[in-house]
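**Student:** sequence first, predicted coordinates after that:
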Amino acid sequence: MNAINPNKLHHSKWTAAQPLNKEKHFIVTQLLRDEEENVVDVVIEAIHSHREISLPWQALKDDSVWRMGWQ
């Protein structure tokens, strides 16, 4: 399990453990916050296709799906 500080996720780089459609490397482009300024979701962008995906930031903790950095 990856240890993550949600406030430091902006511009962080991630590698998909099981890439789909040649989308292996991702970068966090936005932090979506609630009314109390807590990070709720992140928007990640695939480097290859520039497709954006919104997901809960906790999903990045699962090291069977996501790896920190570009590997």
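**Tutor:** That came in fine, so what should we check first?

**Student:** where do the helices sit along the protein?
**Tutor:** Taking DSSP state H as the criterion, the chain contains no helices.

**Student:** in it, spot the strand with the most residues.
**Tutor:** strand 23-33 (DSSP state E).

**Student:** that one pairs with which strands, parallel or anti?
**Tutor:** Strand pairing for strand 23-33, using DSSP bridges, gives strand 13-20 (antiparallel), strand 39-46 (antiparallel).

**Student:** got any ranges where this structure has weak pLDDT?
**Tutor:** Across the chain, the ranges flagged by pLDDT under 70 are 1-2.

**Student:** any buried residues in the longest strand of the chain, and which?
**Tutor:** E23, K24, H25, F26, V28, L31 (16 or more other C-beta atoms under 10 Å). C-beta here means a position set from N, CA and C on the backbone, and glycine is covered the same way.

**Student:** list just the nearest of these to W66.
**Tutor:** Taking C-beta to C-beta as the measure, W66 sits nearest to F26 out of the buried residues of strand 23-33, at 8.2 Å.

**Student:** still on that earlier bit, for the strands paired with strand 23-33, which one sits closest to A59?
**Tutor:** Among these, strand 39-46 sits nearest to A59 (C-beta to C-beta), with 8.4 Å.

**Student:** just the C-alpha atoms of the closest one, please, in PDB.
**Tutor:** Taking C-alpha atoms only, strand 39-46 is exported to PDB below (Å, rounded to 0.1, in the frame of the first residue of the first chain):
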ATOM      1  CA  VAL A  39      -9.100  16.500  -1.200                       C
ATOM      2  CA  VAL A  40     -11.800  14.100  -2.300                       C
ATOM      3  CA  ASP A  41     -10.900  13.200  -5.900                       C
ATOM      4  CA  VAL A  42      -8.000  13.600  -8.300                       C
ATOM      5  CA  VAL A  43      -8.000  14.000 -12.100                       C
ATOM      6  CA  ILE A  44      -5.200  12.100 -13.700                       C
ATOM      7  CA  GLU A  45      -4.200  12.500 -17.400                       C
ATOM      8  CA  ALA A  46      -2.700   9.700 -19.500                       C
END
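
**Student:** what comes up buried for it?
**Tutor:** V39, D41, V42, I44, E45, A46.

**Student:** still on that earlier bit, of all the buried residues of strand 23-33, which two lie farthest apart?
**Tutor:** It's K24 and L31 that sit farthest apart of those, by C-beta to C-beta, at 22.3 Å.
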